[in-house]
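**Q** Here is my input; please provide its structure:
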Amino acid sequence: MGSLDLPYAQPVKNRHGRIYWYYRRAGRRVRLPGEPGSPEWMAVYWRERGDDDKRLAPRQGSTRTVARLIQEYFRSPDFLDLEPSTKRTYRSSLNELVDLVGEDPVADLRFRHVNKIIGDMANRPAAANKMLKRMRTLFGLAVRLEWIDRDPSAGVRQFKTGEIHTWTDDEIQQFRDRWKPGTRQRLAFTLQLCTGQRNSDVVAMQWPRDGRIQVTQEKTGARLWLPVPQELEDELDRHERKHLVILATEYGKPRSAAGYGNWMREAIRSANLPARCSPHGLRKAAAAHLADAGCSAHEIMAITGHRTLGEVERYTRAAQQEILARSAQAKRTKNVRLATPRGQTGNPSKSETKSNP
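**A** Below you'll find the predicted structure:
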């Protein structure tokens, strides 16, 4: 049958290429049985949709619920101006919030309620921090809409989380030892390390033209032309150009960012690397390598596509610290050498001791 365009019905392809359909809404996912559009398929779809419509309906006497506020936000320029990948991330957090307090009137929420929601996510600190940011955005809109006169999330503290790990040289070599030149895993690894791009941009990369790879970053919309370094050129030459996209699947389709991330994490585990090593950490490693080579912040931004110097500084902090530390110690050593009279040791107290027994 023709393609289906029903809200909340989504196809998912497994690693064997088989497609399954799910009803996904407000954090719930229900498998739709049988063939798409068949009587049993449609029966489950409409049953789940009807149940959700009832579950998410505003309470009687209150139309200014959290679920309604989220819908207002989804229609606002604040949300509509976001990049597609950012929208997906925001929807994920906000759909989870609907499950928790979707039917509650916004005006009834207090600090203790928000604090409990975030506290209950202690086992997922990164997700909790994202949730808190989304809630603050929502309540800011509610204040502007005059639904409330204060933000109930004010004063709620974020969890302390570590930064994404930057791959070390030893970890990079360990991956190379496991995945030899010519493998698809080595190609993906080299592509991300040499270009310093996000997962969502690596999967969309097309084969180079005139020695450059064109990238239009999904998150920022920045358009980049990246020269192909020798290491990447050598690896690209080992692979047949069957499809327009470099990392196309065996069916000739671009990988999804999520699918690519899962695939690369399997390759990382196969190389017996620690869990801290992630595909995104290769982007940080690329920026660190550029910093270690003496590139300026603006040169690094030309490769990574970062918009602000502060973002680059976060990525290159460790490399810059080592460079600055070496420079500082070299200056210190030079200064001590110049300040020490000829024929005198570097420790005046010992010289005095010898001359004045």
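**Q** make it CA atoms for all contacts and neighbour counts henceforth
**A** OK.
**Q** pLDDT at the closest residue to Gln174 other than its chain neighbours, what is it?
**A** Using Cα to Cα, 6 or more residues apart in numbering and skipping residues adjacent in sequence, the residue nearest Gln174 is Ala271, 6.8 Å away. Model confidence at Ala271, given as pLDDT, is 96.
**Q** So Glu313, which state does it fall into?
**A** With DSSP: H, G, I helix; E, B strand; the rest coil as the basis, Glu313 sits in helix.
**Q** Retrieve the pLDDT associated with it.
**A** Value for Glu313, per-residue pLDDT: 79.
**Q** One more: Leu309?
**A** pLDDT, Leu309: 83.
**Q** how far away is it from Thr220?
**A** According to Cα to Cα, to the nearest Å, Leu309 and Thr220 sit 15 Å apart.
**Q** Show me which of these two is the more surrounded one.
**A** Set side by side, Leu309 and Thr220 show more neighbours around Thr220, with 15 against 12, by other Cα atoms under 10 Å.
**Q** which non-adjacent residue is nearest that one?
**A** Glu83 (6.9 Å).
**Q** who are the neighbours in contact with the one you found?
**A** With contact taken as Cα atoms under 8 Å, 6 or more residues apart in numbering, Glu83 is in contact with Glu218, Lys219, Thr220, Gly221.
**Q** show me where pLDDT drops low in the protein?
**A** Where the chain drops to pLDDT under 70, the residues are 1-4, 15, 26-27, 53-62, 318-320, 322, 337-357.
**Q** what's next to the lengthiest strand in it, contact-wise?
**A** Taking DSSP state E as the criterion, the chain has its longest strand at strand 19-25. Outside strand 19-25, the residues within contact range by Cα under 8 Å, 6+ apart are 8-14, 29-33, 36, 45, 48, 52, 95.
**Q** Sheet-wise, list the partners of that strand with their directions.
**A** strand 9-13 (antiparallel), strand 28-32 (antiparallel) (DSSP bridges).
**Q** Take it, keep the C-alpha atoms, and write them as PDB.
**A** Coordinates of each C-alpha in strand 19-25 appear next as PDB, following Å, rounded to 0.1, in the frame of the first residue of the first chain:
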ATOM      1  CA  ILE A  19      11.000  -2.500   9.100                       C
ATOM      2  CA  TYR A  20       8.700  -2.400  12.100                       C
ATOM      3  CA  TRP A  21       6.100   0.200  12.900                       C
ATOM      4  CA  TYR A  22       5.500   1.800  16.300                       C
ATOM      5  CA  TYR A  23       3.000   4.200  17.800                       C
ATOM      6  CA  ARG A  24       5.200   6.800  19.600                       C
ATOM      7  CA  ARG A  25       3.800   9.600  21.600                       C
END
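**Q** Make 9 the starting number, not 1.
**A** Sounds good: first residue 9 from here, last item strand 27-33.
**Q** What residues of that strand count as buried?
**A** Buried residues in strand 27-33, counted by 16 or more other Cα atoms under 10 Å: Tyr28, Trp29, Tyr30, Tyr31, Arg32, Arg33.
**Q** so which of the residues you listed comes closest to Asn270?
**A** Tyr28 (18.2 Å; Cα to Cα).
**Q** measure the closest one to Arg263 for me?
**A** Tyr28 is 17 Å from Arg263, by Cα to Cα.
**Q** SS state for the residue nearest the centre of the chain?
**A** Residue closest to the average C-alpha location in the chain (Cα atoms, centre = their mean): His288, at 6.8 Å. The three-state label given to His288 by three-state DSSP is helix.
**Q** repeat for the one 4 residues further on
**A** What three-state DSSP gives for Lys292 is helix.
**Q** next one: the one 3 residues further on
**A** At Ala295 the chain is in helix, as set by three-state DSSP.
**Q** all helices of the stretch 9-158 of the chain, in order?
**A** 47-63, 74-82, 85-88, 92-109, 119-127, 133-152 (DSSP state H, counting those that start in this stretch).
**Q** From the contact counts, what lies against the first one?
**A** Where contact means 3 or more Cα pairs under 8 Å, 6 or more residues apart in numbering; DSSP states H and E, helix 47-63 is packed against strand 27-33, strand 36-40.
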